[in-house]
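Engineer: Generate a structure from the sequence data that follows.
(chains A and B)
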There are 2 protein chains.
Amino acid sequence: VTIKLFDLAGAEPDRRFSPYCWRTKLALAHKGLTVETIPWRFSDTDAIEMSGQRRVPVLLDGDKVVSDSWTIAEYLEDTYQHRPFLFGSAEARAPTRFINSWADTVVNGALVRLLLTDIYAHLHEKDRRYFRESREKRFGMPLEEVSADRDTRVVGFRQSLEPARIILAAQPYLAGGRPLYADYILFGCFMWARSISSFRVLTSDDPIYSWRERMLDNLSALARKAPGYSE
Amino acid sequence: VTIKLFDLAGAEPDRRFSPYCWRTKLALAHKGLTVETIPWRFSDTDAIEMSGQRRVPVLLDGDKVVSDSWTIAEYLEDTYQHRPFLFGSAEARAPTRFINSWADTVVNGALVRLLLTDIYAHLHEKDRRYFRESREKRFGMPLEEVSADRDTRVVGFRQSLEPARIILAAQPYLAGGRPLYADYILFGCFMWARSISSFRVLTSDDPIYSWRERMLDNLSALARKAPGYSE
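Structural biologist: Next up is the predicted model:
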């Protein structure tokens, strides 16, 4: 049985830009599991109706349907126990989940403001109206205004990464000597940026920049080979 | 051999307010280790000269001298392996260290601005000049000005706790079903506030508030019994 994954795509079917789908794809590769990804657009709600919700990633494993990237990571760890581990121990799961919450709120919350117009530019025609309306409602202003001050706002974004910077100045990966799910969580955020934008979110003297380079090369350079921009 | 700990104190020797020393005291209690704390003031640099640096906590265990709360936590875990664990596994250490970096930068960085005048009010006479001068230099303004807008600034502080809030809305402790070092890290920040200030840093409907209540009662209510203020 091949695992299938509904994976957010842009106008070009190979441009996959969801940070949450990236976490899942990297977790699958880490486990050595083959996956068939299915390009999915925001408008394709019917295609994932069986998941009981409206967002990707949605994973199909035999007759099992799993949504939400964190739930999927736990599912993969529990189901494929004899494959390389994603967390490393039951006790490691809880603090890794903290990194997940931090990335979802702090990192993605700041990144979206830097990337909004670039995301829009890469969307499939059929997704554009939904995206513009929902995001303009959320931010209370036109998309173009949200991203307008990104050259100054990026400074605050880089500062918000300080907890990760401290760790990555001391060791090669967030998880220690080799990447685990903790790393895929944060790296997914950067793959979101890379897949649709040439905007420079990190400076090259940042330990997070060097870590991102290592992450791009890991897992047979899965991430580096994906359609995207190098900063 | 009794373990000794140099522990930051205010004018009253029993008022212990360092968030980092609190982490260590809670870790020692978690391990079931008896400790003799030695009240220490900022001016007492000679007393900890053997540690090769100028900050507390400094732990003395036989002829071993260990400083820095994170290094102490790792020392305790590695030295007292047959006691209840602080991290739970080697793999849990790295993501817990991320929580440590987050608490040091985000949480303590925001809290200090809310607490500065209350800390000053509780200092020993001999520490006041050093504290005022060093902190006014750091913030570029009088102490009283730094804390002046805390009624509005506390809103941002509460918001910055969102990653912990998400976890604590889903499970009783950051570490899962029972407190581990991940919890002592963040709880130490709140003990800093409690020991010297009646300023209300959390609202009572916050999952972090309920968690803090549980933490105050854990370990035979070690933290609740310490001199401090209830909000």
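Engineer: Is it correct that A:Pro84 falls within a helix?
Structural biologist: No - counting by DSSP: H, G, I helix; E, B strand; the rest coil, A:Pro84 is not part of a helix but coil.
Engineer: What sits closest to A:Glu162 if chain neighbours are left out?
Structural biologist: Leaving aside its chain neighbours, A:Glu162 sits nearest to B:Thr105 (4.7 Å; criterion: CB to CB, 6 or more residues apart in numbering or on different chains). C-beta: built from backbone N, CA, C; applies to glycine.
Engineer: To clarify, my last question referred to A:Asp217.
Structural biologist: Nearest non-adjacent residue to A:Asp217, counting by CB to CB, 6+ apart: A:Arg224, 6.3 Å away.
Engineer: Assign that neighbour to helix, strand or coil.
Structural biologist: coil.
Engineer: buried residues in the helix or strand containing A:Leu216?
Structural biologist: Assigned by DSSP states H and E, A:Leu216 belongs to helix A:207-221. Within helix A:207-221, the residues that count as buried by 16 or more other CB atoms under 10 Å in any protein chain shown are A:Pro207, A:Ile208, A:Tyr209, A:Trp211, A:Arg212, A:Met215, A:Leu216, A:Asn218, A:Leu219.
Engineer: likewise stretch A:142-150?
Structural biologist: Neighbour counts over stretch A:142-150 (16+ other CB under 10 Å) mark A:Leu143, A:Val146, A:Ser147, A:Arg150 as buried.
Engineer: Pull up the gap between the third one and chain B, please.
Structural biologist: According to CB to the nearest CB, to the nearest Å, A:Ser147 stands 22 Å off from chain B.
Engineer: again with the second one
Structural biologist: Relative to chain B, A:Val146 is positioned 19 Å away (CB to the nearest CB).
Engineer: Doesn't A:Phe199 belong to a strand?
Structural biologist: No - going by three-state DSSP, the assignment for A:Phe199 is coil, not a strand.
Engineer: Please name the residues that touch the residue nearest to A:Glu162.
Structural biologist: B:Thr105 makes contact with A:Glu162, A:Pro163, A:Ile166, according to CB atoms under 8 Å, 6 or more residues apart in numbering or on different chains.
Engineer: Spatially, what comes nearest to A:Gly156 if we skip its sequence neighbours?
Structural biologist: Per CB to CB, 6+ apart, closest to A:Gly156 is A:Ala110, 6.9 Å.
Engineer: Next: A:Tyr120.
Structural biologist: Nearest residue to A:Tyr120, sequence neighbours excluded (CB to CB, 6+ apart): A:Leu143, at 5.6 Å.
Engineer: these two touch, right, the one you found and A:Arg132?
Structural biologist: Yes - look at A:Leu143 against A:Arg132 with CB atoms under 8 Å: they come within range, at 6.0 Å.
Engineer: where do the contact lists of the two overlap?
Structural biologist: Taking CB under 8 Å, 6+ apart as the criterion, A:Leu143 and A:Arg132 both touch A:Tyr120.
Engineer: Next up, the contacts around the closest residue to A:Arg83 other than its chain neighbours.
Structural biologist: The spatially closest residue to A:Arg83, leaving aside those adjacent along the chain, is A:Lys31, at 4.2 Å (CB to CB, 6+ apart). A:Lys31 is in contact with A:Leu76, A:Tyr80, A:Arg83, A:Pro84, A:Leu86, counting by CB under 8 Å, 6+ apart.
Engineer: measure the nearest residue to A:Tyr181 once chain neighbours are set aside to A:Glu213 for me?
Structural biologist: Nearest-residue entry for A:Tyr181: A:Leu86, 4.1 Å, with adjacent residues in sequence omitted and distances by CB to CB, 6+ apart. A:Leu86 sits 22 Å away from A:Glu213 when distances are taken as CB to CB, to the nearest Å.
Engineer: Check A:Leu222 too.
Structural biologist: 14 Å.
Engineer: what does chain A put close to chain B?
Structural biologist: Taking CB under 8 Å from any CB of the partner chain as the contact definition, chain A meets chain B at A:85, A:87-99, A:101-102, A:104-106, A:162-164, A:166-167, A:171, A:173-176, A:180, A:182.
Engineer: could you redo the last one with a cut-off of 7 Å?
Structural biologist: Where chain A comes near chain B, counting by CB under 7 Å from any CB of the partner chain, the residues are A:87-89, A:91-92, A:94-99, A:101-102, A:105-106, A:162-163, A:166-167, A:174-176, A:182.
Engineer: neighbours around A:Ile196, how many?
Structural biologist: A:Ile196 has 23 neighbours, counted by other CB atoms under 10 Å in any protein chain shown.
Engineer: Which pair in the buried residues of stretch A:142-150 has the greatest spatial separation?
Structural biologist: Between any two of those, the greatest separation by CB to CB is 12.0 Å, found for A:Leu143 and A:Arg150.
Engineer: how much space between A:Ile72 and A:Leu59?
Structural biologist: With CB to CB as the criterion, A:Ile72 and A:Leu59 are 5 Å apart.
Engineer: So if I had to pick from those two, which one is more boxed in?
Structural biologist: In this view A:Ile72 and A:Leu59 are compared by other CB under 10 Å, and A:Leu59 has more residues nearby, 25 against 22.
Engineer: Any idea how far stretch A:49-69 is from the middle of the chain?
Structural biologist: Distance of stretch A:49-69 from its chain centroid, counting by CA atoms, centre = their mean, to the nearest Å, is 17 Å.
Engineer: neighbouring contacts of that stretch?
Structural biologist: Stretch A:49-69 is contacted from outside by A:1, A:3-8, A:18, A:20-21, A:23-24, A:40, A:45, A:48, A:72, A:75, using CB atoms under 7 Å, 6 or more residues apart in numbering or on different chains.
Engineer: in that stretch, what counts as buried?
Structural biologist: Burial within stretch A:49-69, assessed by neighbour count using 16+ other CB under 10 Å, is assigned to A:Ser51, A:Arg55, A:Val56, A:Pro57, A:Val58, A:Leu59, A:Leu60, A:Asp61, A:Val66, A:Ser67, A:Asp68, A:Ser69.
Engineer: For the closest residue in space to the third one that isn't next to it in sequence, name its beta-bridge partners.
Structural biologist: Among residues not flanking A:Val56 along the chain, A:Phe6 sits closest, at 4.7 Å (CB to CB, 6+ apart). Residues found in beta-bridge contact with A:Phe6 (criterion: DSSP bridges) are A:Ile38, A:Val58.
Engineer: in terms of contact, does A:Phe6 touch A:Ile48 like I think?
Structural biologist: Yes - contact criterion CB atoms under 7 Å: A:Phe6 and A:Ile48 qualify, at 5.4 Å.
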